[in-house]
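[1] The following block contains a protein sequence and its predicted model.
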Amino acid sequence: MVPTADDLRAEIARRQVNRYVLAGLVRIHPGRLGAMLNGRLPMPPNVAERVGAVLRRDFRPPTAA
């Protein structure tokens, strides 16, 4: 299942990921990624899959202290 931009935006906020760092790992321009996540540009399914994979692989959710 391909995550939606809303799902990805929520997951990015939950994991407290810097979008600039995420864009570098996904290999897409930070401005373009931000526009896709905010709904100004359509997000291709392959980009959504890459963002989801990077979030699962490289960023853990914050733990409760």
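    That came through, no problem.

[2] middle-most residue in the protein, spatially?
    By Cα atoms, centre = their mean, the mean C-alpha position of the chain lies nearest to residue 51, the distance being 4.5 Å.

[3] Next up, the contacts around residue 24.
    When the contact criterion is Cβ atoms under 8 Å, 6 or more residues apart in numbering, the partners of residue 24 are residue 30. In short, each C-beta sits where N, CA and C put it, glycine included.

[4] can you pull the buried residues of stretch 1-18?
    Within stretch 1-18, the residues that qualify as buried are 3, 5, 8, 9, 11, 12, 17, counting by 16 or more other Cβ atoms under 10 Å.

[5] got a list of what the fourth one touches?
    Read that as residue 9. Under the criterion of Cβ under 8 Å, 6+ apart, the contact list for residue 9 reads 37, 38.

[6] List the residues that contact the closest residue to residue 28 other than its chain neighbours.
    Excluding the flanking residues, the one nearest residue 28 by Cβ to Cβ, 6 or more residues apart in numbering is residue 47, at 6.5 Å. When the contact criterion is Cβ under 8 Å, 6+ apart, the partners of residue 47 are 26, 28, 33, 36.

[7] Tabulate the residues you listed (TSV), appending neighbour count and distance to residue 55.
    Shown next, in TSV, are the contacts of residue 47 (neighbours: other Cβ atoms under 10 Å; distance: Cβ to Cβ, whole Å):
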residue	neighbour count	distance to residue 55
26	18	9
28	16	14
33	22	12
36	20	14
